[in-house]
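# Let me see the structure of the following:
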Amino acid sequence: MINKKFTIAGSSIGLAALLVFVFAAPGFTTQTNTIKMGCMSLDEVNAISTMKVRSPTLPAGFTLHCGQASLYEAELLFAEESAEKGATVKENMLQKIQNGAIHVYITDLKSKVGNEDFQKEIGNVDEQIVKEYEHIKQVNPSLDPQLVQINGKKAWAYEACEECGKQTATFEDGSEITNSFAVPARVEFYDDNGIRYFLESNRPLSDLIDVARSLQS
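Next comes the predicted model:
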């Protein structure tokens, strides 16, 4: 079963394997002793991963704060230039997303799991997105998910919501306590090559969709 990642997710290979790939990558020309492995430039991310991520069209004043990559994954955090930068993508990321930073997580899923497993578990990517949309609508209708188009491909999406996150604790006597929490705006879609794009931010959903559309040529 393919591990679905609808929330924050990190790189999946170890530092040693990543360093081996850095040295072996023919297009990698940056001195390895200057790379901050948890906070890479876009060029460094593209040199390490199988994907070539474009520099997206960002809201005014935004820039790439940190990137992180493995062979089949890339994670990027874009925020206002004046915002404090962390040493890694993950440092204070949830707080930064709440403050309007844009988190982008891209997975070359078909290459990662192999074409056979991809076809078995995902198959038609538009149909998969509809299934995920229906699941979100069923388990948490307060998110009010919608289906949108990203460069001709279906995507599920929803706006940021202050109290739409639900967390329930069930006790031995059968009683329950449910808490609500804020959820950022989110978008997910696949391209024709089996690459999955997941974006989240506390900015308006329209901004997130604009960034998503600009990630592809």
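# Give me the distance between the nearest residue to Val183 once chain neighbours are set aside and Ile48.
Once flanking residues are discounted, Val183 sits nearest to Gly165: 4.4 Å by Cβ to Cβ, 6 or more residues apart in numbering. To be clear about C-beta, it is placed using only N, CA and C from the backbone, and glycine gets the same treatment. For Gly165, the distance to Ile48 (Cβ to Cβ, to the nearest Å) stands at 33 Å.
# mind listing what Ile106 touches?
Contacts of Ile106 were listed using Cβ atoms under 8 Å, 6 or more residues apart in numbering, and they are Met51, Val53, Glu73, Ala74, Glu75, Leu76, Ile195, Arg196, Tyr197, Phe198, Leu215.
# On the three-state scheme, the residue nearest the centre of the chain is what?
Compute the mean C-alpha point of the chain, and by Cα atoms, centre = their mean the closest residue is Tyr105, 2.3 Å away. For Tyr105, the secondary structure call by DSSP: H, G, I helix; E, B strand; the rest coil comes out as strand.
# from memory it sits against Phe198, does it?
Yes. Assessed by Cβ atoms under 8 Å, Tyr105 is found in contact with Phe198 at 4.5 Å.
# what is the residue nearest to the centre of the chain paired to in the beta sheet?
Taking DSSP bridges as the rule, Tyr105 bridges to Glu75, Phe198.
# Give me the buried positions along the longest helix seen in the chain.
As assigned by DSSP state H, the longest helix anywhere in the chain is helix 125-139. Within helix 125-139, the residues that qualify as buried are Val125, Asp126, Gln128, Ile129, Glu132, Tyr133, Ile136, Lys137, counting by 16 or more other Cβ atoms under 10 Å.
# ok so, going back, export the contacts of Ile106 to TSV and append columns for distance to Ile177, neighbour count and pLDDT.
Formatted as TSV, the contacts of Ile106 follow (distance: Cβ to Cβ, whole Å; neighbours: other Cβ atoms under 10 Å; pLDDT from 0 to 100):
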residue	distance to Ile177	neighbour count	pLDDT
Met51	42	20	91
Val53	42	19	91
Glu73	36	25	95
Ala74	38	27	95
Glu75	33	27	95
Leu76	36	24	96
Ile195	40	23	95
Arg196	34	23	97
Tyr197	35	22	97
Phe198	30	21	98
Leu215	40	21	90
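# With adjacent residues omitted, what lies nearest to Phe62?
Nearest non-adjacent residue to Phe62, counting by Cβ to Cβ, 6+ apart: Phe78, 5.2 Å away.
# just Asn46 next, same as before
By the measure of Cβ to Cβ, 6+ apart, the closest residue to Asn46 outside its immediate chain neighbours is Lys52, 5.3 Å from it.
# right, and out of the buried residues of helix 125-139, which lies closest to Ala182?
Closest to Ala182 out of these is Ile136 (16.5 Å), distances taken as Cβ to Cβ.
# what's near enough to touch that closest one?
Leu143, Pro145, Trp156, Tyr158.
# what helix or strand is Phe118 on?
Using DSSP states H and E, Phe118 sits within helix 115-121.
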